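S.K.: Structure, please.
(one chain, ligands or ions: 1)
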Amino acid sequence: MSNSNRPQTPAESWAALLEGNQRFVTDQPAHVRQDFGIRTELAKEQKPFAALFGCADSRLSAEIIFDVGLGDLFVVRNAGQVIAETILGSLEYAVEVLGVPLILVLGHDECGAIRATMNSTEGHPMPQGEFIHNLVERIAPTVLAAKANGMHEIDEISDLHVRDTINELIARSTLIAERIESGKLAVVGANYKLALGEIHEIVAFGKTE
Ligand SMILES: [Zn+2]
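M.R.: Next up, the predicted model:
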């Protein structure tokens, strides 16, 4: 992708990510913008066309699964994609300073953080580590609400967690809510299928078509 046809709008950005994922799924990656030339060019300035907030799972390698290159994605990840003030700050930075037109919130099937939270709400011991509970405690309300509504499948709960994550993002960041309102930004929630390599949209705020 040359500079002249880089995505500018939320819809163009989402389309570019879906096209890149399709190349990955069909094993036809273009390996764009990964060469020496782009590295030196980008050293002066970055202009990513999307921000991605996703699970830290090692199989969710952002640039690989969307077949994009250096300087294309502003990536923020932690286990189970759990909102925190530093996450909100990073995403606001991507929108306000770097001007990204899209934030993609990406969960996936068989998520270990969701599984650990489900286990803990069923009375099983949590993994050891004094800070792991920070993750589990933030996912637990979604798990409990899901179970109260008859949802017990991990992937159903994972999708609900993506929705809750986006709702919290928009509720807490006035900047992000205003940019969606003005049409400059879209926030899309999606699920990544580990075995297939496919992205499936769950929810979208803003104009993505
Ligand atoms: Zn995960």
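S.K.: alpha carbons only for contacts and neighbour counts from here, please
M.R.: Noted.
S.K.: Let me see the mean pLDDT of stretch 24-44.
M.R.: For stretch 24-44, mean pLDDT is 93.
S.K.: near the ion, which residues of this protein show up?
M.R.: Within the chain, the residues that sit near the ion (Cα under 5 Å from the ion) are 55, 57, 80, 111.
S.K.: Reformat those as JSON lines; add secondary structure and pLDDT.
M.R.: Listed next are those as JSON lines, based on DSSP: H, G, I helix; E, B strand; the rest coil; pLDDT from 0 to 100:
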{"residue": "55", "secondary structure": "strand", "pLDDT": "98"}
{"residue": "57", "secondary structure": "coil", "pLDDT": "98"}
{"residue": "80", "secondary structure": "coil", "pLDDT": "97"}
{"residue": "111", "secondary structure": "coil", "pLDDT": "97"}
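S.K.: By neighbours, which of those wins?
M.R.: Neighbour counts for the residues of the chain next to the ion (other Cα atoms under 10 Å) peak at residue 80, which has 27 neighbours.
S.K.: dump the residue contacts of that residue.
M.R.: 54-56, 107, 111-114, 135, 139 (Cα atoms under 8 Å, 6 or more residues apart in numbering).
S.K.: all helices of the protein, in order?
M.R.: With helices called from DSSP state H, the chain shows them at 10-25, 36-42, 62-65, 85-96, 112-121, 132-148, 154-172, 174-181.
S.K.: Worst mean pLDDT among these?
M.R.: Set side by side, the helices of the chain give their lowest mean pLDDT on helix 36-42, at a mean of 90.
S.K.: contacting residues around that one?
M.R.: 70-71.
S.K.: ok now it, how far from the chain's centre?
M.R.: Relative to the chain's own centre, helix 36-42 is displaced by 26 Å; criterion: Cα atoms, centre = their mean, to the nearest Å.
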